[in-house]
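Trainee: Need the 3D shape of this:
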Amino acid sequence: MQRLDPSDTSGILPIAYFHALARLGGEGLILIEPETPFVSLGVFDDAATTVDLDYCRAHGLPVMRRQTGGGMVLLGPRQVFYTLVVKRPHRPIPARVNDAYGHLSQAPISVYRELGIETRLRPINDIVTLAGRKIAGQGAGDINGRFCFVGSILLDFDVDLMHRIVKLPSEALRAPLKAAITDHLTSVARETGAHPDVSFVKDCLAKAFAPLVGGLEPGAVSPQLTALARTLSRELCRDALSSDDTEAGTLFKVREGLYLCQRAFAGRDGEIVVSLTIDEGRIASVNLSGHGLTHEPPDLERLIGRPFQRTTLLAELPDFGPLGIAREPLIDGLLATRG
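Mentor: Below you'll find the predicted structure:
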């Protein structure tokens, strides 16, 4: 199998290359660092409900939809992508997707160790530190009969930009979102204070992946591959903007098992915003804000540690009557989350 290091890393080409390689029926490991930031949606994400498209347009951030799983991510400089494209079956890669994640994740885990950070796979597709902070997300999918496995080594991450590109039902939710991202996402720079050279990281990745895929040899990026990647760049951006739905989503995935449920409700005296952090199906934190909090807000601390489900909320959620929100519609609104 070939190792490919494209020289043109502009726009969304860093993601388009592996789509092009699969369309051409090729195989290889593509290693690349984006030249500029862009937003990448998973195959099932809806740009209109998850991304602040007005902000992205105003700041020149392309939005594209990749044909693999995983959620919405902000990609850009100081992230080293590894995108593997193989024909199935391909020994020694396991046939089952979950097993393939376990097998191939050994490579980034090894590289993080080389960079001084102990990590582990948090099934199905996150790489986390031993403290549980997400340091990389991964995705997989089939394109043109090829199995595609994608991920990145997060050398640094722009938390300020990440929380700005998310579409929210209320601006009052931006602060808890930024706090959740800051608390639960990390990078090599944050963990170690180091800024390793990208070429060194690419070589580490190639060395780590080689025994997992049956060997790697240096390869050349053909003009045909580059041309198709440029064509697909336009298609992948058009696909991302195909939805007519404009209502903001209410469930933001921070990492596997950790979500921010966020809703804005019309209270008697104005908007009231409810934000719940859900960790492994249980409520980890609660936040109330908004101009409608003119009365003493209800005490929600009793919810922390409780399962995020209707029966629990019915039993534990206090009265919101003085704020002008009926209790059961509030519960139904919180539970009607859309990722």
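Trainee: any weak-confidence spans in the stretch 1-150 of the chain?
Mentor: By pLDDT under 70, the low-scoring segments of the stretch 1-150 of the chain are 44.
Trainee: redo that, cut-off 50
Mentor: Judged by pLDDT under 50, the stretch 1-150 of the chain has no weakly predicted residues.
Trainee: What of the stretch 201-339 of the chain?
Mentor: 338-339.
Trainee: And the helices in it?
Mentor: Using DSSP state H, counting those that start in this stretch, the helices found in the stretch 201-339 of the chain span residues 223-240, 310-316, 327-335.
Trainee: Most tightly packed of the ones you listed?
Mentor: Of all these, helix 223-240 has the most neighbours on average by mean count of other CB atoms under 10 Å, namely a mean of 17. Placement of C-beta: from N, CA and C, glycine included.
Trainee: Look up the closest residue to residue 183, ignoring the ones flanking it.
Mentor: residue 133 (7.9 Å; CB to CB, 6 or more residues apart in numbering).
Trainee: Return the distance of that neighbour relative to residue 19.
Mentor: Residue 133 is 30 Å from residue 19, where distance means CB to CB, to the nearest Å.
Trainee: Neighbour count for those two, which is higher?
Mentor: Counted by other CB atoms under 10 Å, residue 133 and residue 19 do not tie: residue 19 has more neighbours, with 27 against 17.
Trainee: now that one, nearest residue through space, not along the chain?
Mentor: residue 232 (5.1 Å).
Trainee: Wait, that neighbour touches residue 16, no?
Mentor: Yes. Counting by CB atoms under 8 Å, residue 232 touches residue 16, with 4.7 Å between them.
Trainee: what's the residue nearest to residue 183 sitting at in phi/psi?
Mentor: Dihedral pair for residue 133: phi -80, psi 130, per degrees, to the nearest 10.
Trainee: From residue 259, how far off is it?
Mentor: Taking CB to CB, one finds residue 133 at 16 Å from residue 259.
Trainee: Would you mind measuring the gap between the ends of stretch 281-297?
Mentor: Start and end residues of stretch 281-297 are separated by 25 Å (CA to CA, to the nearest Å).
Trainee: Next, the buried residues of that stretch.
Mentor: Neighbour-count burial for stretch 281-297 flags 283-290, 292-293, 297 (criterion: 16 or more other CB atoms under 10 Å).
Trainee: Taking the residues you listed, tell me the two that lie furthest apart.
Mentor: Spatial extent of the buried residues of stretch 281-297 (CB to CB) is set by the pair 284 and 292 at 24.3 Å.
Trainee: Look up how far residue 13 lies from the closest residue to residue 217 other than its chain neighbours.
Mentor: What sits nearest to residue 217 in space, not counting adjacent residues and going by CB to CB, 6+ apart, is residue 2, at 5.8 Å. Distance, residue 2 to residue 13, by CB to CB: 18 Å.
Trainee: next one: residue 264
Mentor: The value you get for residue 264 to residue 13, if CB to CB is used, is 38 Å.
Trainee: before we move on, what about residue 263?
Mentor: To residue 13, residue 263 is 38 Å away according to CB to CB.
Trainee: Please, where are all the strands along the stretch 201-339 of the chain?
Mentor: For the stretch 201-339 of the chain, applying DSSP state E, counting those that start in this stretch gives strands covering 217-218, 251-255, 258-267, 270-279, 282-289.
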